[in-house]
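Q: From the sequence below, what's the structure:
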Amino acid sequence: MAGAEVKDLLPFIDTSTLECLNQSSDHVVAHCMGQGTREDDAVFLASDCDEQLLINIRFKQAVRIHSISVKGLDADKAPKALKLFADPCNIGFDSAESSAGTQVVTLTPEAVADGTVVPLRFVKFQSVNFLSIFVDGNFGDEEETVIHKLQLYGSPGNATNMGDWEKVAKKG
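A: Sure, this is the predicted structure:
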């Protein structure tokens with residue numbers, strides 16, 4: 001990622017439109033993604049009817065997503081894989097299950113316990129306005145999936161310094 005600093009993408013997330021399908025009414029997606037709450041292990045995102053979750057994240061501007069971090073304190077209820085969809089059209093559980101997605105991130109119990117940052121195939125996430133994250137199951141095949149912290153890293157999509165364009169134009 002030449003020239004662009006990789007940092008927490010939370011300031012670029014439109015938190016007013018943050019959505020998670022099949023979340024518990026007491027343990028919502030804002031708990032694992034919000035500033036402050038994602039650092040508090042007492043609050044978390046939990047699934048409701050079964051182990052599946054579908055998290056929809058809209059960004060305030062196009063972003064480049066470099067990596068992702070997921071933390072779960074109970075290994076049996078932590079997600080074992082994330083299927084990421086960059087700029088999907090009207091995705092639901094059926095289409096999330098049946099389509100390949102932009103990338104599948106396979107997690108380990110150790111990585112989830114530590115909240116290890118996992119690099120993504122950066123070329124596939126260059127100008128993302130909307131990201132959907134599908135969680136199909138957890139390590140213990142439990143009925144409930146729990147995420148204590150979900151964090152995205154990258155840079156704004158418009159990280160190009162337009163002043164550099166002028167320098168190139170003057171040389172030519």
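Q: Alpha carbons only: can I get the top strand by length along the chain in CSV?
A: Taking DSSP state E as the criterion, the chain has its longest strand at strand 53-71. Output in CSV follows, covering the C-alpha atoms of strand 53-71 (Å, rounded to 0.1, in the frame of the first residue of the first chain):
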residue,chain,number,x,y,z
LEU,A,53,-24.6,-13.5,11.5
LEU,A,54,-24.7,-11.1,8.6
ILE,A,55,-23.0,-7.8,9.3
ASN,A,56,-23.5,-4.9,6.9
ILE,A,57,-21.1,-2.0,7.1
ARG,A,58,-21.5,1.2,5.0
PHE,A,59,-18.5,3.6,4.8
LYS,A,60,-18.7,7.4,4.6
GLN,A,61,-16.4,7.3,1.6
ALA,A,62,-14.6,4.6,-0.5
VAL,A,63,-11.9,2.9,1.5
ARG,A,64,-9.1,0.4,0.9
ILE,A,65,-9.4,-2.5,3.3
HIS,A,66,-6.1,-4.0,4.3
SER,A,67,-6.8,-6.4,7.1
ILE,A,68,-9.4,-7.5,9.8
SER,A,69,-9.3,-8.4,13.4
VAL,A,70,-11.8,-10.5,15.3
LYS,A,71,-11.8,-11.2,19.0
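Q: what comes up buried for that strand?
A: Within strand 53-71, the residues scored as buried using 16 or more other Cβ atoms under 10 Å are 53-57, 59, 63-71. Using the backbone N, CA and C atoms, a C-beta is placed for each residue, glycine as well.
Q: Quick check: the farthest pair among these?
A: Comparing all pairs in those by Cβ to Cβ, the longest separation belongs to L53 and R64, at 24.3 Å.
Q: Can you tell me which helix or strand of this protein has the lowest average pLDDT?
A: Across the helices and strands of the chain, mean confidence by mean pLDDT, DSSP states H and E is lowest for helix 162-171: a mean of 55.
Q: quick one, helices of this protein?
A: Shown for the chain, the helices assigned by DSSP state H span residues 29-33, 93-98, 109-114, 162-171.
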